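Colleague: Sequence below, structure please.
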Amino acid sequence: MKQGFFEIIENVALTDCVKRMTLKGDVCEITKPGQFVNIKIDGLFLRRPISVCDLGKDNFTIIYKVIGKGTEKLSEMQSGKLDVLTGLGNGYDLSEAGEKPVLIGGGVGVPPMFLLAKKLIEQGKKPTVILGFNTKNEIFYEQEFKDLGVDVIVTTVDGSYGVKGFVTDALKDVDYSYFYTCGPEPMLKAVHKFSKTSGQMSFEERMGCGFGACMGCSCKTLTGNKRICKEGPVMIKEEILW
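Modeller: Residues are numbered from 1 along each chain as shown. Take a look at the predicted model:
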């Protein structure tokens, strides 16, 4: 973990309520897809944890949904610097992927799948990506994934675009060796139930400190209590107790 100040390079809208921000600074502590950063926002006590979507030599990108005071303030910033803790969380283990991994992102669980896809491609893998949304106007990053050269399946709950239904409706028709996923808990539960292989699941959780000191985001697993911000947010399918 490292604390530093990052310059805002970009902060643009992807949908009515989802924005993409690029921050420039020392990114040496960000070493795995699935890690997150914790951003200090002036006037608010708790930092905001947001997963890393993409990574450059001296910058990183986040995608966030505007849903409260913190993200609303973040959405209004077009310049300046932010106090950021980087290199948080355990990230995904790419060594288990096999030859045909499938990446499953739901809503704001989509962003960490992008960096994961890039890293798997660097290893010679060709992942399939499933992106789940409620409706057509919530979709983002479909083209960006396609530009990586991977197969992309989009699902919408209301059927307004792509496969009608949930990510598991698309998953049943995919041939895969392993899965990686991030999204809301109901989606993770469904993937856990219907997946045919082992896999890794990244949990979304409200966090107090973001680095394991407060124990506020702990959860039960087969090997005891784990802190989602420290031992997680990524956990192996078989260790999870719902």
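Colleague: Okay, now the unreliable bits of this structure?
Modeller: 205-218, 229-230, 232 (pLDDT under 70).
Colleague: which residue packs closest to the residue lying farthest from the centre of it, ignoring adjacent ones?
Modeller: Of all residues in the chain, residue 43 has its C-alpha farthest from the mean position, at 26.0 Å, by Cα atoms, centre = their mean. Distances taken as Cβ to Cβ, 6 or more residues apart in numbering put residue 73 closest to residue 43, at 7.3 Å, once the chain neighbours are dropped. C-beta: built from backbone N, CA, C; applies to glycine.
Colleague: buried stuff in the helix or strand that that neighbour is a member of?
Modeller: Element membership of residue 73, judged by DSSP states H and E, is helix 69-75. Within helix 69-75, the residues that qualify as buried are 70, 71, 74, 75, counting by 16 or more other Cβ atoms under 10 Å.
Colleague: Report the contact partners of the closest residue to the third one other than its chain neighbours.
Modeller: When the adjacent residues along the chain are set aside, residue 74 lies closest to residue 41, with 6.2 Å between them (Cβ to Cβ, 6+ apart). Residue 41 sits next to 47, 48, 70, 73, 74, 82 when contact means Cβ atoms under 8 Å, 6 or more residues apart in numbering.
Colleague: do the same with residue 92
Modeller: Residue 92 neighbours (Cβ under 8 Å, 6+ apart): 32, 33, 34, 112, 116, 180, 200, 202, 234.
Colleague: Relative to residue 170, which of these is nearest.
Modeller: residue 180 (14.9 Å; Cβ to Cβ).
Colleague: Remind me what the helix or strand the closest one falls within packs against, helices and strands.
Modeller: Assigned by DSSP H and E, residue 180 belongs to strand 178-183. Under the contact criterion of 3 or more Cβ pairs under 8 Å, 6 or more residues apart in numbering; DSSP states H and E, strand 178-183 touches strand 101-106, helix 111-122, helix 167-171, helix 185-194, strand 199-203.
Colleague: closest to residue 59 out of those?
Modeller: helix 111-122 (12.6 Å).
Colleague: so who does residue 136 touch?
Modeller: 156, 160, 161 are the contacts of residue 136 under Cβ under 8 Å, 6+ apart.
Colleague: Name whatever forms a beta bridge with the nearest residue to residue 191 once chain neighbours are set aside.
Modeller: Once flanking residues are discounted, residue 191 sits nearest to residue 181: 5.2 Å by Cβ to Cβ, 6+ apart. Residue 181 has these beta-bridge partners by DSSP bridges: residue 104, residue 201.
Colleague: Domain ranges for this structure, per the record?
Modeller: 2-88, 94-239 (automatic domain parsing).
Colleague: Figure out how far the first one is from the centre of its chain.
Modeller: Put plainly, it is domain 2-88. Here domain 2-88 is found 13 Å from its chain centre; the criterion is Cα atoms, centre = their mean, to the nearest Å.
Colleague: Can you tell me the centre-most residue of the protein?
Modeller: Centroid check for the chain by Cα atoms, centre = their mean gives residue 112 as the closest residue, at 3.2 Å.
Colleague: Spatially nearest residue to that one (excluding sequence neighbours)?
Modeller: Nearest non-adjacent residue to residue 112 (Cβ to Cβ, 6+ apart): residue 51, at 4.3 Å.
Colleague: Which elements pack onto the host helix or strand of the one you found?
Modeller: Assigned by DSSP H and E, residue 51 falls within strand 48-55. The contact analysis (3+ Cβ pairs under 8 Å, 6+ apart) places strand 48-55 against strand 36-40, strand 59-65, helix 69-75, helix 111-122.
Colleague: Sweet, I'm off.
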